[in-house]
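Colleague: sequence first, then the predicted structure, then my questions.
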Amino acid sequence: CTLGTFTKAVLMSSYFSRAGSWWKNYVNPLIKTRCRWNQQLWRYLAARPAEQKTFDKILVANRGEIACRVMRTCKRMGIRTVAVHSDVDANAVHARMADEKVCIGPAPSAESYLRMDAILDAVKQTGAQAVHPGYGFLSENGHFAEKLVDAGVVFIGPGVRAIEAMGDKIESKLLAKRAQVNTIPGFDGVVQDAEEAVRIASDIGYPVMIKASAGGGGKGMRIAWNDDDVREGFRLSSQEAKSSFGDDRLLMERFVDNSRHIEIQVLADTHGNAIYVNERECSIQRRNQKVIEEAPSTFLDPKLRRAMGEQAVALARAVDYCSAGTVEFLVDSKRNFYFLEMNTRLQVEHPITEYITGFDLVEQMIRIAAGQHLTIKQEDVGINGWAVECRVYSEDPKLFLPSIGRLSTYIEPKQGPGLEEVRIDSGIKEGSDISIYYDPLISKLVTHGNDRTEALQRMCRALDTYVIKGVKHNIPILRDIITHPRFVDGNISTKFIAEEYPDGFTGCKLTATQRTELITAACFLHLQRIQRATEFLTVDRPSFRPHNSAVYELAVSIDGESYQASAWWDDYDDIVVDTGGQEIRMSSDSLLSSPLLVGEIGDHEVVVQVLKRDGQKYQLRHYGTKFEVTVLSKEQNEFMKLMPVKSKRDDSKAIVSPMAGTVISVSCKPGDEVSEGNEMIILEAMKMQNVLPAPKNAKIKAVNCKAGDTVLEDEVLVELE
């Protein structure tokens, strides 16, 4: 307002008429734009009364990106932070980011991040006044919260009663019914054994969902379509639940097929105030774990949003909830919604809510824990644009199996054209190790736009410019999903990945135009390489490209398919490629050493990642998919046709580990006769258990592992005759 008044005064002054004209034409439009942005800022500032004191020091009882996320808000609020870490995390980003750090044990979670006594000792040692648990680990452990309260330390989260009531899926369902929240038909007690599970499934009707009573994050969950599925699901789910949560109790309920997973964010304080902060669409999942989230949902109208929000608040009030929490629902095709569970913690996907509302949920948690009133009213909650989050995992996108290793190259998307609304929550850096001990999440990539189309466009470019080397990752399938016609139309369900990628992600099928882009990029890299080879070392600043009309006749091979091309530099230092009557001109300022080739073909931007160079062989990532590309002269190509082809390893007589992990059990021994599909080995990686079956009818020749062994990816575990 002060700037606006000053602007008018300047414009009215004859003495400053020239300055007034300049101000009117250039500065005033900028001020108006900023004012529109400030509407969101004022609402945000109203929700955070800076003059009210909270805490001097907070210990963050977590690791990785969520620990870093909490610390960023603490630093902005002027609160000192304490990190806890295992031996292998001593130099992790979250440990270096904190003001103080304390080692709490060796690498396994059970010996470090799940050790309440070690964390309580760290609290006493550092004098922290409060503990933020993040998500996972001890974030929903009522006993941990109670121990902190008994020690005079504030737990930044809900009360013990709410944690225990909502953390127990059986009790939470009963409470939801009493609070008149819609629930899924099912069995309300604890399932005792596999045979009882079969009887219950028959009563409920198939399909059924078997899930851990104390679970979350997709662990300890199985869908069963018949009696055999129930028996296997009961066994594996109880083992996963015991390993992940120390509680192997299971419940069963009807599986709502072809549903959407939509959750409502709630905020409640200790003074009786409670609101819902819109919804998040979380239907894109694999193995019952979320992969892509967005806010708002394309499926909800204001009436349904209000109904779901009011039920979420009613449930929060029923357990005297006080903090940030999330009530999850399944929504069927007729817009009927059913309570699934309540997560009494900060959700992984909370950034998309922060984008569309302007509220810092971590700050709200801290202020509520400090006893302050919730200053946000229900009418203050709006929807500003659209936000999308992609969870970037260290995993093989084909089978969604974890991948371990060291990040040899790690370059996050930067701010720039098309990336003004990009947020990356990560807790790693170049050189960080992805180990078998922890969750494979690398980062959360979030984009925001005025509408869904703009948010998705920004996500596409962010994924294209996100460089990760050293481990396999799921960026290829993320890139494919967000451009999938069905996803773009909003026609999704929790079965989307299973339906559209039944055999896993096998790669993007390039159109003729996209293939031409890749051929042009490969020719550009090849001509760059030729130019560098001709430079003299004594030239201070050699010309980047030759100024001649030499035409290179090339054969470009993409995953074994060969294409003929002619390439040359034009007078403007652009490359021109003729792929058979069609000339394509591409300009780029990218250097040969850069892992990113960013160029323009006409008015279209082309982004290609250079994953690997080996002479005239390249690994290039285009539209999220990796391609093996070779660029040869015509003569070289003819000679290559005469070279023998290297034979592939025959894995038909072996069971090979698809990932690094720990052997949980071995169900065979040398000499056994096995049938195709029989369970041979159960392998656990990053708290998920995977059954390795016999690939065919055969006799066991040798077993090269035993329960408790740590094995590597591609290691031969069982040999068949």
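Modeller: Received it, and whenever you're ready, just let me know what you need.
Colleague: how deep is residue 594 tucked in, by neighbour count?
Modeller: 14 (other CB atoms under 10 Å). The way it works is simple: take the backbone N, C-alpha and C, and place the C-beta from them, glycine included.
Colleague: in stretch 468-485, what's buried?
Modeller: For stretch 468-485, a neighbour-count test (16 or more other CB atoms under 10 Å) marks 468-484 as buried.
Colleague: what's the longest helix along the chain packed up against?
Modeller: Of all segments of type helix in the chain, defined using DSSP state H, the longest is helix 512-533. Helix 512-533 is packed against strand 552-558, strand 561-569, strand 575-578, strand 583-588, strand 596-601, strand 604-614, strand 617-622, strand 625-633, with contacts defined by 3 or more CB pairs under 8 Å, 6 or more residues apart in numbering; DSSP states H and E.
Colleague: turn those strands into JSON lines, columns for distance to residue 454 and mean pLDDT.
Modeller: Shown next, in JSON lines, are the helices and strands packed on helix 512-533 (distance: least, CB to CB, whole Å; pLDDT from 0 to 100):
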{"stretch": "strand 552-558", "distance to residue 454": "32", "mean pLDDT": "94"}
{"stretch": "strand 561-569", "distance to residue 454": "35", "mean pLDDT": "92"}
{"stretch": "strand 575-578", "distance to residue 454": "31", "mean pLDDT": "93"}
{"stretch": "strand 583-588", "distance to residue 454": "25", "mean pLDDT": "92"}
{"stretch": "strand 596-601", "distance to residue 454": "20", "mean pLDDT": "94"}
{"stretch": "strand 604-614", "distance to residue 454": "15", "mean pLDDT": "93"}
{"stretch": "strand 617-622", "distance to residue 454": "23", "mean pLDDT": "95"}
{"stretch": "strand 625-633", "distance to residue 454": "24", "mean pLDDT": "94"}
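Colleague: in JSON lines, list those along with mean neighbour count and distance to residue 272.
Modeller: Formatted as JSON lines, those follow (neighbours: other CB atoms under 10 Å; distance: least, CB to CB, whole Å):
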{"stretch": "strand 552-558", "mean neighbour count": "19", "distance to residue 272": "64"}
{"stretch": "strand 561-569", "mean neighbour count": "17", "distance to residue 272": "67"}
{"stretch": "strand 575-578", "mean neighbour count": "20", "distance to residue 272": "67"}
{"stretch": "strand 583-588", "mean neighbour count": "16", "distance to residue 272": "60"}
{"stretch": "strand 596-601", "mean neighbour count": "18", "distance to residue 272": "53"}
{"stretch": "strand 604-614", "mean neighbour count": "17", "distance to residue 272": "52"}
{"stretch": "strand 617-622", "mean neighbour count": "20", "distance to residue 272": "53"}
{"stretch": "strand 625-633", "mean neighbour count": "20", "distance to residue 272": "53"}
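Colleague: the longest strand along the chain: how far from the chain's middle?
Modeller: Longest strand of the chain, by residue count under DSSP state E: strand 274-286. Taking CA atoms, centre = their mean, to the nearest Å, the mean C-alpha location of strand 274-286 is offset from the chain mean by 15 Å.
Colleague: next one: stretch 554-561
Modeller: Distance of stretch 554-561 from the chain centroid (CA atoms, centre = their mean) equals 34 Å.
Colleague: only alpha carbons, please: show it as PDB.
Modeller: Below are the C-alpha coordinates for stretch 554-561, written out as PDB (Å, rounded to 0.1, in the frame of the first residue of the first chain):
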ATOM      1  CA  LEU A 554      26.700 -41.200 -40.500                       C
ATOM      2  CA  ALA A 555      24.900 -44.400 -39.300                       C
ATOM      3  CA  VAL A 556      23.100 -43.800 -36.000                       C
ATOM      4  CA  SER A 557      22.100 -47.000 -34.100                       C
ATOM      5  CA  ILE A 558      19.400 -46.700 -31.400                       C
ATOM      6  CA  ASP A 559      19.000 -49.900 -29.400                       C
ATOM      7  CA  GLY A 560      20.200 -51.900 -32.400                       C
ATOM      8  CA  GLU A 561      18.100 -50.200 -35.000                       C
END
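Colleague: who touches that stretch?
Modeller: Stretch 554-561 is contacted by residues 515, 518-519, 522-523, 526, 562-567, 627-634, 636-637 when judged by CB atoms under 8 Å, 6 or more residues apart in numbering.
Colleague: buried set for the longest helix of the chain?
Modeller: 515-528, 531.
Colleague: average pLDDT for it, rounded please.
Modeller: For helix 512-533, mean pLDDT rounds to 91.
Colleague: and that helix, C-alpha only, in PDB?
Modeller: C-alpha atoms of helix 512-533 as PDB (Å, rounded to 0.1, in the frame of the first residue of the first chain):
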ATOM      1  CA  ALA A 512       9.100 -40.600 -35.400                       C
ATOM      2  CA  THR A 513       9.500 -37.000 -34.300                       C
ATOM      3  CA  GLN A 514      11.100 -38.000 -30.900                       C
ATOM      4  CA  ARG A 515      13.400 -40.500 -32.600                       C
ATOM      5  CA  THR A 516      14.500 -37.700 -35.000                       C
ATOM      6  CA  GLU A 517      15.300 -35.500 -32.100                       C
ATOM      7  CA  LEU A 518      17.400 -38.300 -30.500                       C
ATOM      8  CA  ILE A 519      19.300 -38.900 -33.800                       C
ATOM      9  CA  THR A 520      19.900 -35.100 -34.100                       C
ATOM     10  CA  ALA A 521      21.300 -34.900 -30.600                       C
ATOM     11  CA  ALA A 522      23.500 -37.900 -31.200                       C
ATOM     12  CA  CYS A 523      24.900 -36.300 -34.300                       C
ATOM     13  CA  PHE A 524      25.500 -33.100 -32.400                       C
ATOM     14  CA  LEU A 525      27.500 -34.900 -29.800                       C
ATOM     15  CA  HIS A 526      29.500 -36.800 -32.500                       C
ATOM     16  CA  LEU A 527      30.400 -33.600 -34.300                       C
ATOM     17  CA  GLN A 528      31.400 -32.000 -31.000                       C
ATOM     18  CA  ARG A 529      33.700 -34.900 -30.400                       C
ATOM     19  CA  ILE A 530      35.300 -34.600 -33.800                       C
ATOM     20  CA  GLN A 531      35.800 -30.900 -33.300                       C
ATOM     21  CA  ARG A 532      37.500 -31.300 -30.000                       C
ATOM     22  CA  ALA A 533      39.800 -34.000 -31.500                       C
END
